[in-house]
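[1] the amino acid sequence is not available; the structure is as follows:
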């Protein structure tokens, strides 16, 4: 692929695209050279915030709170390990984008055939829509709770966020980063405030961070889940495939001289700092959610872990754990703040989901459309199952309707299990390659932890598929397991196909002198 040219053959809203990733914002943000650490870090700060949003979206909330309710602080170690894996993978994704000047989708497509590119595109689109369903549900419920808008109109209102996106595209990418960072701080404040009022057992919190076999135990069973189930749920809700594509694209927004090794080193170094700082905030938010489950509510008090159930629990003084929380809850501020955080989380994900959709469409199938059109189509497709779910449960009790929405959100996450290995494995293989990365290839320790993370997450996602299929409640246990095992075989075959094509593509790149190693050698000779 030629990264220096971008040809566009317009056909209505869709045009051909085979140029720089997110061309409109690529290399548009000025950064200082030779200035102080904090001034330089500030200039590079922003992309990490957009990535961190995916690690604290509404899909994470119920899993973390339920984990705390059921197993106290045992699963704190799961949140910590998930966050460390996320930092490792996001570091690789950002580095790939900066060094190769291609995002993950472009780099994968450049080494694979058209057929596989289309399959990977469809799979990743489904994963993005799955996360969008969680955002639609979260935003609609937040509107219902804050403004008493009925659910069906509230779902339709979420489609209008396309106009918010239109406005944001006019104000510049740096301002978008600032808005996202502010919304993250709102979410952090809300949960920090509620946890501070609950006066948790901090010794238990820090003790829970120590890795323990209890976190992957298959007993005890509390509320229908085991510690292992809770761990799989948290991991599944934390590591998102679309974040890897997004980070490999937006890491290229900083102006970098790609003919100067020192400029590339600076961009990699400070982008990594930005990513790790923002993901540390995401770790804190997810930890606060689990602590809420333990300390804000009485043990076992929350039977309904849907957004409605959590909102009601924050209003119900009989469910809260201490007199301070009960006094504040009487004012309604706890539940209102929860709904505000839910709305902020949904709006954040609107921005990142749309950008990621554009990245994978351009990268895998070389098609491009305006961001507003892209957002409108994705959101309408995501709204349809939510509307169907609400319409089908209108005659049932409120609790049944809430449970149906919660089940839809949880079941839609199965697409993440499909898509995750196909983003992680190519990322690891390409960043391990000296041909592709030159001096920026993964060091031995990063390779070891990378393979452990990728193989471990892939195994856990596939291991959990049978129980996920059973959770749909559509088929018998036998048929559910059969379908799950067929899916696992298909995924493994596709993974082998992907690895073979990537290996051949890397060999071809080496023979043609296309990787960064060749360019690095030429720069060294010029010096």
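    Nice, thanks for sending it over. Bear in mind the structure is a predicted one, so any value in this text is a computation, not a measurement. Numbers count the residues shown, from 1 in each chain.
[2] scan this protein for its longest helix.
    If you go by DSSP state H, the chain has its longest helix at helix 477-512.
[3] now do the buried residues in that helix.
    Counting neighbours by 16 or more other CB atoms under 10 Å, one finds that the buried residues in helix 477-512 are 480-481, 483-484, 487-488, 491, 494-495, 498, 501-502, 505-506, 509-510. No exception for glycine: its C-beta is placed from N, CA and C like everyone else's.
[4] same question, stretch 438-446
    For stretch 438-446, a neighbour-count test (16+ other CB under 10 Å) marks 438, 440, 441, 442, 446 as buried.
[5] and for stretch 220-235?
    Residues of stretch 220-235 classed as buried by neighbour count (16+ other CB under 10 Å): 222, 225, 226, 227, 228, 229, 230, 231, 232, 233, 234, 235.
[6] out of the residues you listed, who's nearest residue 458?
    Nearest to residue 458, judged by CB to CB, of the buried residues of stretch 220-235 is residue 235 at 11.3 Å.
[7] nearest residue to that closest one other than its sequence neighbours?
    residue 82 (5.3 Å; CB to CB, 6 or more residues apart in numbering).
[8] helix or strand for residue 474, which one?
    Counting by DSSP states H and E, residue 474 is held by no secondary-structure element, helix or strand.
[9] and it, how many neighbours does it have?
    Residue neighbour count, defined by other CB atoms under 10 Å, stands at 11 for residue 474.
[10] related to what we said a few turns ago, identify the residues contacting the residue nearest to residue 235.
    With contact set as CB atoms under 8 Å, 6 or more residues apart in numbering, residue 82 has these partners: 234, 235, 238, 239.
[11] circling back: tell me what the longest helix of the chain is packed against?
    Using 3 or more CB pairs under 8 Å, 6 or more residues apart in numbering; DSSP states H and E as the contact definition, the elements that helix 477-512 packs against are helix 104-111, helix 114-147, helix 414-432, helix 434-437, helix 444-463, helix 465-471.
[12] try 10 Å this time
    Taking 3 or more CB pairs under 10 Å, 6 or more residues apart in numbering; DSSP states H and E as contact, the helices and strands that helix 477-512 lies on are helix 104-111, helix 114-147, helix 414-432, helix 434-437, helix 444-463, helix 465-471, helix 516-526.
[13] what angle separates that helix from helix 516-526?
    Computed with axes from the mean of the first three to the mean of the last three CA atoms, to 10 degrees, the direction of helix 477-512 lies at 30 degrees from that of helix 516-526.
[14] contacts only, for residue 441.
    Listed by CB atoms under 10 Å, 6 or more residues apart in numbering, the contact set of residue 441 reads 95, 99, 430, 431, 432, 433, 434, 435, 447, 516, 517.
[15] over to residue 93?
    The neighbours of residue 93, taking CB under 10 Å, 6+ apart as the test, are 51, 103-104, 243-251, 275, 423-424, 427, 431.
[16] now swap in residue 29 and tell me
    By CB under 10 Å, 6+ apart, the contact set of residue 29 is 43-44, 46-47, 172-174, 177, 250, 252-255.
[17] try it again at 7 Å.
    Contact criterion CB atoms under 7 Å, 6 or more residues apart in numbering gives 173, 174, 253, 254, 255 as the residues in contact with residue 29.
[18] name the nearest of those residues relative to residue 390.
    Distance from residue 390 was checked for each of the contacts of residue 29 by CB to CB. The minimum falls on residue 173, at 35.4 Å.
[19] burial count for that closest one?
    Residues near residue 173, counting by other CB under 10 Å, number 21.
[20] and it, how far is that from residue 132?
    Counting by CB to CB, to the nearest Å, the gap between residue 173 and residue 132 amounts to 21 Å.
[21] then residue 320?
    33 Å.
[22] what does residue 219 give?
    With distances taken as CB to CB, residue 219 is found 36 Å from residue 132.
[23] check residue 146 too.
    According to CB to CB, residue 146 and residue 132 sit 21 Å apart.
[24] compare neighbour counts for these two and give me the winner.
    A direct count of neighbours by other CB under 10 Å for residue 146 and residue 132 places residue 132 higher, at 26 against 16.
[25] can you select the buried ones from the contacts of residue 29 in ChimeraX?
    For the buried members of the contacts of residue 29, the matching ChimeraX selection, counting by 16+ other CB under 10 Å, is:
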select :173,253,254
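[26] using a markdown table, lay out the contacts of residue 29 together with distance to residue 354.
    Compiled in a markdown table, the contacts of residue 29 are given as follows (distance: CB to CB, whole Å):
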| residue | distance to residue 354 |
| --- | --- |
| 173 | 13 |
| 174 | 17 |
| 253 | 15 |
| 254 | 21 |
| 255 | 23 |
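[27] and the contacts of residue 29, which is closest to residue 264?
    residue 254 (10.8 Å).
[28] distance check, the closest one against residue 348.
    Look at residue 254 and residue 348: by CB to CB, they are 21 Å apart.
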